[in-house]
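# Pasting the sequence and the predicted coordinates here, then a few questions.
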Amino acid sequence: MFEIVKPCQSCKSYILKPKISINFDLKKTADNIEKYSFEILAFTGSMLSLKRECKVNIYNSGKIAIITKDLNQVQKLTGELENVLHIKKK
């Protein structure tokens, strides 16, 4: 469901872009995410910041930033996030 994009050579993050147009219900995700072993760092209404092995920022636009240089970790988290997130099609 997501395409993994590395924004630039010097960045310490990967961006996940949805392959389809979606909106995340971040309030519902924030209410349920801790049972999947993610720690909530911040919730602004339009962005949910999480931590597990690394920091993950989820935006209600569908974009996800995973702050790590480890592509294997990104691929693992991508699969887990696809199963955990509650998604609404636009």
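Thanks, I have it. Everything numeric in this text was worked out from a predicted model, so none of it was measured.
# which stretches of the protein form strands?
With DSSP state E as the criterion, the chain has strands at 2-5, 14-18, 22-24, 39-43, 47-51, 55-59, 64-67, 87-89.
# Now do the contacts for the residue nearest to residue 3 when sequence neighbours are not counted.
Distances taken as Cβ to Cβ, 6 or more residues apart in numbering put residue 17 closest to residue 3, at 5.0 Å, once the chain neighbours are dropped. Backbone N, C-alpha and C define where each C-beta goes, glycine included. Each residue near residue 17 by Cβ atoms under 8 Å, 6 or more residues apart in numbering is listed here: 2-3, 5, 62-63.
# Can you tell me which of those are buried?
2, 62-63 (16 or more other Cβ atoms under 10 Å).
# quick one on the thing from earlier: export the contacts of residue 17 to TSV and tack on distance to residue 79 and pLDDT?
Rendered in TSV, the data for these read as follows (distance: Cβ to Cβ, whole Å; pLDDT from 0 to 100):
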residue	distance to residue 79	pLDDT
2	9	82
3	14	82
5	16	84
62	17	86
63	17	91
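# Noted, bye for now.
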